[in-house]
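Peer 1: fold the following and give me the result.
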Amino acid sequence: MHKDVLTPDIYQVQSIRNDTSDVFTLTLTPKEKGKKFSFLPGQFNMVYHFGFGEIPLSITGDPGNSEILVHTVRAVGPVSCAMQKLQPGDEVGIRGPFGTSWPLHQKEFDIFVIAGGMGLVPLSPAVLQLLAHKNQYCDMTLLYGVKAPHEIIYKNALEIWQEQGIKVDITVDKADASWKGNVGVVTPFIKKNIKNPKKTLIFMCGPEIMFRFAAKEVLEAGVEENNIYLSLERNMQCGVGFCGRCQLGPYFVCKDGPVFSYAQVKKWLIIKEL
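Peer 2: All right, here's what the predicted structure looks like:
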């Protein structure tokens, strides 16, 4: 019998890791014995914290591991702030996975991943899958921008990914005395990382203002619109296109996205406050 998509499954917290002062990672396992969770890189869940409410969260972690479910969360609202206080053994509700995924089926391309802030979260499963099948792709680069060094998430993973074969380039808007890397927004570092524009796939996630300027740089470098993919974040409340809260032009981000080609959404991204 088909399960009601509005009814959550119960998952238990196995661990909670603080990545920064306001970002944490939950590792969950299903309460139902033997249950697996499969997802495609780029998809999201609706996560319910009982007594507080439900929020959309990108799925992170390894797509090849169906034993656990991992979400990295920024504590910015009442539900996510309450989630930061969860303890091992506590229960949450999970609906999903929902949405579209990154187009990892296109082989023999250079892969250029551009992440801003928490945009690294929905991109990390794609990076893991790319590394697991790295012989099917050419050069792989991750450009990651954050406001300050203390906001970098997945520090250990970034080092491991670089060792495994993806070039990791990090830049910060404002450096402190300890920072020895790049300083500035991501856009000045884009063109130098595109060597073969006609055979390059761009995967991008971050603030929508970043999309506008980063897409301009990518297009000027010669990458085709249909080879640029974005993951959009909107106020998704149902996950299945019922409520309309996440509408962007003709699209519902929860079911038509969150991953879109730039060609699909470029018209709508330039409209302020849409």
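Peer 1: what's the neighbour count on residue 112?
Peer 2: 26 (other CB atoms under 10 Å). The way it works is simple: take the backbone N, C-alpha and C, and place the C-beta from them, glycine included.
Peer 1: partner strands of the helix or strand containing it, parallel or antiparallel?
Peer 2: Using DSSP states H and E, residue 112 maps to strand 110-116. According to DSSP bridges, strand 110-116 forms sheet pairs with strand 140-146 (parallel), strand 200-205 (parallel).
Peer 1: need the contact partners of it.
Peer 2: The contact list for strand 110-116 (CB atoms under 8 Å, 6 or more residues apart in numbering) reads 123, 126-127, 130, 137-146, 166, 186, 190, 193-196, 199-207, 210, 214.
Peer 1: adding mean neighbour count, distance to residue 58 and mean pLDDT, write the strands paired with strand 110-116 out as CSV.
Peer 2: Formatted as CSV, these follow (neighbours: other CB atoms under 10 Å; distance: least, CB to CB, whole Å; pLDDT from 0 to 100):
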stretch, mean neighbour count, distance to residue 58, mean pLDDT
strand 140-146, 23, 15, 97
strand 200-205, 25, 8, 97
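Peer 1: need the ones you listed in a markdown table with distance to residue 156, can you?
Peer 2: Formatted as a markdown table, the strands paired with strand 110-116 follow (distance: least, CB to CB, whole Å):
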| stretch | distance to residue 156 |
| --- | --- |
| strand 140-146 | 14 |
| strand 200-205 | 20 |
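Peer 1: right, and residue 241 touches residue 252 too?
Peer 2: Yes - using CB atoms under 8 Å, residue 241 makes contact with residue 252 at a distance of 4.2 Å.
Peer 1: so the two - more neighbours on which side?
Peer 2: Taking other CB under 10 Å, residue 241 and residue 252 do not tie; residue 252 has more neighbours (21 against 16).
Peer 1: the more buried one: what's it in contact with?
Peer 2: So residue 252 contacts 241, 244, 246 (CB under 8 Å, 6+ apart).
Peer 1: looking at those residues, spot the one nearest residue 150.
Peer 2: residue 246 (30.9 Å; CB to CB).
Peer 1: quick one: neighbours of that closest one, just the number.
Peer 2: Neighbour tally, residue 246, other CB under 10 Å: 23.
Peer 1: can you give me the end-to-end span of stretch 60-76?
Peer 2: 19 Å (CA to CA, to the nearest Å).
Peer 1: list the contacts for residue 250?
Peer 2: Applying CB under 8 Å, 6+ apart, no residues contact residue 250.
Peer 1: ok so residue 267 is a helix residue?
Peer 2: Yes - Residue 267 sits within a helix when classified using DSSP: H, G, I helix; E, B strand; the rest coil.
Peer 1: for it, which non-adjacent residue is closest in space?
Peer 2: Closest residue to residue 267 apart from its sequence neighbours, by CB to CB, 6 or more residues apart in numbering: residue 249 at 6.8 Å.
Peer 1: give me phi/psi at that neighbour?
Peer 2: Backbone geometry at residue 249, expressed as degrees, to the nearest 10, gives phi 60, psi -130.
Peer 1: now residue 227
Peer 2: According to degrees, to the nearest 10, residue 227 has phi -110, psi 10.
Peer 1: I figured it hits residue 204, correct?
Peer 2: No - using CB under 8 Å, residue 227 is not in contact with residue 204, being 11.3 Å away.
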